[in-house]
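Colleague: fold the following for me, if possible:
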Amino acid sequence: MKDFIKDAEGDLMIKDNDLFIGISDQQHQKDLIITEKGAIKQFLSTGVGARKFLEAEDPAGLLREINVQFTADGMKVNEVKITGEGKLSISADY
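Modeller: Here you go, the predicted model:
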């Protein structure tokens, strides 16, 4: 999916005095994972809210909620797992 691209600080990227457009799948995934439920007023049930799962030490719940939210957003989820190094590994696309 193409969309406006954000930089590392979350600001819209500008290239050649114009907004930069590119493939945004990973950007959307990151936004869904970080966003708390209720933060998007038009879609109150959207968002994983990863912080609450980390605080509760519930990795299975986190993986399940990521799968649910990505599917609801229209992604085909192939795999969501936590690697041996403790990193989140996601294979999903629109």
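Colleague: tell me where this protein has strands.
Modeller: 2-4, 14-15, 18-19, 21-23, 76-82, 88-93 (DSSP state E).
Colleague: partner strands of the third one and their direction?
Modeller: Translated: strand 18-19. Strand pairing for strand 18-19, determined by DSSP bridges: strand 14-15 (antiparallel).
Colleague: do the fourth one as well
Modeller: Here strand 21-23 has these sheet partners by DSSP bridges: strand 2-4 (antiparallel).
Colleague: and if you look at the longest one?
Modeller: Pairing partners of strand 76-82, with direction, according to DSSP bridges: strand 88-93 (antiparallel).
Colleague: any stretches of the protein with poor pLDDT?
Modeller: Filtered on pLDDT under 70, the chain yields no residues whatsoever.
Colleague: how about 90 then?
Modeller: 1, 8-10, 53-59, 84-86, 94 (pLDDT under 90).
Colleague: for it, what's the longest helix?
Modeller: Counting residues, the longest helix in the chain under DSSP state H turns out to be helix 59-72.
Colleague: give me the angle between it and strand 76-82.
Modeller: 160 degrees (axes from the mean of the first three to the mean of the last three C-alpha atoms, to 10 degrees).
Colleague: just the CA atoms of helix 59-72, as CSV, please.
Modeller: Output of helix 59-72 as CSV, limited to C-alpha atoms (Å, rounded to 0.1, in the frame of the first residue of the first chain):
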residue,chain,number,x,y,z
PRO,A,59,3.3,-12.3,24.9
ALA,A,60,0.6,-14.8,23.8
GLY,A,61,-2.1,-12.1,24.2
LEU,A,62,0.0,-9.6,22.4
LEU,A,63,0.5,-11.9,19.4
ARG,A,64,-3.2,-12.8,19.4
GLU,A,65,-4.3,-9.1,19.5
ILE,A,66,-1.8,-8.2,16.7
ASN,A,67,-3.3,-10.9,14.5
VAL,A,68,-6.9,-9.7,15.2
GLN,A,69,-6.1,-6.0,14.6
PHE,A,70,-4.1,-6.7,11.4
THR,A,71,-6.9,-8.9,10.0
ALA,A,72,-9.5,-6.2,10.9
